[in-house]
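Undergrad: Compute the structure for the input listed below.
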Amino acid sequence: MTAARIRILIGSPIRQRPEILNHFLNSLLRLEQDNLELSYYFIDDNENEASKEMLNAFVNKGQRVVIHNTVHTDEYVRNDITHYWNETLVWKVADYKNHIMQYALDLRFDYVFLIDSDLLLDPRTLKSLIESDKDIISEIFWTRWQPESRPQPQVWLKDEYTQWQQARGEILDAEQQEERYQQFVQQLIEPGVYEVGGLGACTLISRRALVRGVNYKPIYNLSFWGEDRHFSLRAVALGFTLYVDTHYPAYHVYRDEDLHNAGLFMQATDLKSSMPELSLTQLERQTDNALHCIVHQGTTPRPSLTLSMVVKNEGNRHLRQALEQHRQYIDQAVIIDDGSTDNTIDICMEVLKGIPVRLISNSQSKFHNEIELRQQQWRETLHVHPEWILNLDADEWFEDGFATALPALLQQSEHDMYCFRLYDFWDETHYREDEYWNAHHYYRPFLLRYRTGMVYTWNESAQHCGRFPANVFELPHQLSPLRLKHYGWSRIEYRQEKSDRYHKLDPEAAYGWREQYQSILDAAPVLKKWQE
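TA: The predicted structure follows:
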């Protein structure tokens with residue numbers, strides 16, 4: 001016997017710009033619906049005719065949609081600083097939400113899901129909320145309420161917006177409050193379901209809670225601002241515990257500047273179209289690491305840093321160690337898997353869990369024509385709209401101190417590129433230095449600020465074409481004293497493989513240095529001890 005489908009009413013009061021509304025509606029259409037029957041109730045409070053037309057077009061997509069039109073007589077102001085709410089607006093929206101909840105109650109829906117129209121959802125959001133088996137639970141999202149402030153979750157623990165534990169009568173100084181605040185935030189970064197004291201804006205409510213009388217009406221003897229406070233307190237007074245789910249954070253398009261990452265969020269969480277060359281299992285791993293980025297990217301005001309990397313059969317090499325170093329400071333990653341047959345992809349997605357990853361898998365290796373591979377890497381990196389690009393191979397990472405020095409490198413405005421010395425390690429603790437192996441005497445570009453107005457050109461060479469376009473030195477650049485460690489030569493088996501590869505791909509040494517090729521397998525090379 002087929003199990004009964006769970007009926008959910010998705011409700012939203014909407015006064016929204018078309019650019020944001022389009023992302024919002026598309027994110028609703030992507031929601032996984034296995035064993036779920038979704039209906040929609042939109043309150044159209046739009047001033048913009050394009051937004052009204054967008055809602056009407058949503059009906060034509062074959063959805064079960066009710067659109068309730070309103071006559072707006074008030075002004076809602078939003079700009080790149082904040083959103084301006086007054087008491088009239090707050091309680092108007094509260095009435096809209098109560099209207100939606102009453103509709104869900106009257107038509108005997110199993111749940112109502114109330115969501116603000118500037119939030120974008122991961123496709124798995126509703127299933128995760130349902131599986132939590134809670135009467136009232138919100139999916140988390142993070143917002144900078146002021147442009148220079150740190151991102152904060154829309155849930156809290158006590159009172160109006162207290163986000164640290166504090167016992168009744170307990171006195172905490174500012175340092176203690178900050179320590180407990182950080183404990184709360186760090187908990188919410190980890191995927192899970194957690195008890196909270198207040199929530200809103202992205203909330204699943206069961207029929208049991210609706211029947212018991214939860215609603216957004218103002219509590220007359222409570223001075224707290226905002227309808228979510230009154231809803232939360234009433235729900236707890238009625239005997240319900242409030243929860244937040246942090247498995248699939250929503251993305252909040254709070255300012256125009258957030259629209260840039262809205263596209264990245266939609267792309268990274270698109271289960272149907274992300275990375276079409278990957279298998280379904282690989283896609284599931286990819287989207288497990290999707291764009292929970294407002295947590296990761298929002299924790300620092302510095303420009304974002306994108307790791308760009310090519311990998312192939314790195315599972316038993318240094319990939320894990322390299323990525324564990326890089327995840328300390330990157331905001332997203334673009335990885336080209338050039339035909340791996342081992343667990344390279346698994347390691348990438350495991351180590352970078354919680355960081356946005358754009359992973360492209362080549363069914364056939366392109367390394368025999370490196371220029372094609374590097375140009376592919378460049379194109380795919382530009383797809384994520386990078387600010388700064390860190391271009392490293394899977395066996396490279398910086399010396400201690402790089403993470404600490406990095407913010408200053410990214411925040412300055414004078415230089416667009418940094419060059420570093422690369423040390424070729426011949427074992428775990430020694431690098432090679434002789435007439436053929438002295439790359440560390442020279443500075444090469446590894447960190448680049450992408451400039452959209454520049455026309456980039458490449459060194460069209462099948463091997464040793466360079467990781468970046470050839471003309472990046474036209475940009476203002478700086479030599480950095482920080483050193484880069486390269487472990488690609490650090491074992492005899494690596495050196496044998498590379499010697500064989502170069503002799504196969506470049507037998508005439510047309511793209512490299514014959515004597516250097518011949519020296520790869522030297523029995524007694526000159527090595528120097530590395531000093532941090």
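
Undergrad: Counting neighbours, what do you get for Ala523?
TA: Look at Ala523: counted by other CB atoms under 10 Å, it has 4 neighbours. Quick note: C-beta positions are derived from backbone N, CA and C, even for glycine.

Undergrad: try Ser363
TA: Residues near Ser363, counting by other CB under 10 Å: 6.

Undergrad: do the one 3 residues further on as well
TA: Under the neighbour criterion other CB under 10 Å, Lys366 is assigned a count of 19.

Undergrad: nearest residue to it other than its sequence neighbours?
TA: Leu373 (4.1 Å; CB to CB, 6 or more residues apart in numbering).

Undergrad: quick one: contacts for that neighbour?
TA: Applying CB atoms under 8 Å, 6 or more residues apart in numbering, we find Leu373 in contact with 310, 336, 338, 366-367.

Undergrad: where in the stretch 251-400 of the chain is pLDDT low?
TA: Scanning the stretch 251-400 of the chain for pLDDT under 70 picks out 271-301.

Undergrad: mind listing the strands for it?
TA: Shown for the stretch 251-400 of the chain, the strands assigned by DSSP state E, counting those that start in this stretch span residues 251-252, 305-311, 332-337, 357-361, 388-391, 396-398.

Undergrad: would CSV of the ones you listed with distance to Val90 and mean neighbour count be doable?
TA: Output for the strands of the stretch 251-400 of the chain, formatted as CSV (distance: least, CB to CB, whole Å; neighbours: other CB atoms under 10 Å):
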stretch, distance to Val90, mean neighbour count
strand 251-252, 18, 25
strand 305-311, 39, 24
strand 332-337, 36, 25
strand 357-361, 39, 22
strand 388-391, 40, 22
strand 396-398, 49, 21
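
Undergrad: returning to what we had before: tell me the spacing between the residue nearest to Lys366 and Gly339.
TA: Leu373 sits 10 Å away from Gly339, going by CB to CB, to the nearest Å.

Undergrad: Then Leu482?
TA: Noted for Leu482: a distance of 32 Å to Gly339, by CB to CB.

Undergrad: could you measure Glu175 against Gln182, distance?
TA: According to CB to CB, Glu175 stands 11 Å off from Gln182.

Undergrad: Kindly report the same for Ser413.
TA: Counting by CB to CB, the gap from Ser413 to Gln182 is 31 Å.

Undergrad: who has more neighbours, the two?
TA: For Ser413 versus Gln182, the count of surrounding residues by other CB under 10 Å is larger for Gln182: 12 against 8.

Undergrad: so where does that one fall, helix or strand?
TA: Assigned by DSSP states H and E, Gln182 belongs to helix 174-189.

Undergrad: what comes up buried for that helix?
TA: Buried residues in helix 174-189, counted by 16 or more other CB atoms under 10 Å: 180-181, 184-185, 188-189.

Undergrad: which one among the residues you listed gets closest to Asn261?
TA: Asn261 lies nearest to Ile189 out of those, by CB to CB, at 17.6 Å.

Undergrad: Neighbours of Pro123, how many?
TA: Neighbours of Pro123 (other CB under 10 Å): 20.

Undergrad: Count the neighbours of the nearest residue to it once chain neighbours are set aside for me.
TA: Residue nearest to Pro123 in three dimensions, not counting chain neighbours: Arg30, with 4.5 Å by CB to CB, 6+ apart. Burial of Arg30 is recorded as 20 neighbouring residues (other CB under 10 Å).
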